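Q: Pasting the sequence and the predicted coordinates here, then a few questions.
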Amino acid sequence: MLMIGVMIVVLTLGLMAMCVAGYLVAGHRARSTADLAAVSGAAGFAQGQDACGAARQNALANHARVLTCDQVGDLVDFVVTVRIQVTVQTRVPGLPTSIEAVAHAGSGSQ
């Protein structure tokens, strides 16, 4: 009986660790994808393309969704702001199913 109890505790702790790790990975993915999308949008705008279109393509390639995209400034001094959403792979009832992140990139300072 003692061994069964120990195995249940170990199994429960392992499942909880997997859930926490899933949310940590999703958070890191959201931040890095937002950074990449913002830089991609800024680079696209500097080359005369649509900043938000480039950001959306990059986010889509990284399995994320752009919630908002904003480009302010002119060709010399500009900032692209991107808010993305990433789906959490390990879903737990009662916890969020997605994580959002925001990133800024461009030639201007904010």
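A: That came through, no problem.
Q: max-length helix in the chain?
A: In the chain, assigned by DSSP state H, the helix with the most residues is helix 2-46.
Q: Show me what it is packed up against.
A: Helices and strands in packing contact with helix 2-46 are listed as helix 51-61, strand 65-73, strand 78-87, strand 98-106; criterion 3 or more CB pairs under 8 Å, 6 or more residues apart in numbering; DSSP states H and E. Quick note: C-beta positions are derived from backbone N, CA and C, even for glycine.
Q: got the contact list for the second one?
A: With CB atoms under 8 Å, 6 or more residues apart in numbering as the contact definition, strand 65-73 has outside contacts at 37, 41, 45, 51-52, 55-56, 59, 78-86, 100, 106-108.
Q: Run the chain-centre distance for it.
A: 14 Å (CA atoms, centre = their mean, to the nearest Å).
Q: and if you look at the longest one?
A: For helix 51-61, the separation from the chain centroid amounts to 13 Å (computed by CA atoms, centre = their mean).
Q: So for it, what gets flagged as buried?
A: Ala51, Cys52, Ala54, Ala55, Arg56, Gln57, Asn58, Ala59 (16 or more other CB atoms under 10 Å).
Q: can you check the second one too?
A: Burial within strand 65-73, assessed by neighbour count using 16+ other CB under 10 Å, is assigned to Val66, Cys69, Gln71.
Q: Can you name the residues that contact the most centrally placed residue in the chain?
A: In the chain, the residue lying closest to the centroid (CA atoms, centre = their mean) is Ala30, at 1.3 Å. If a contact means CB under 8 Å, 6+ apart, then Ala30 has Ala64, Ile84, Gln85, Val86, Ile99, Glu100, Ala101 as its contacts.
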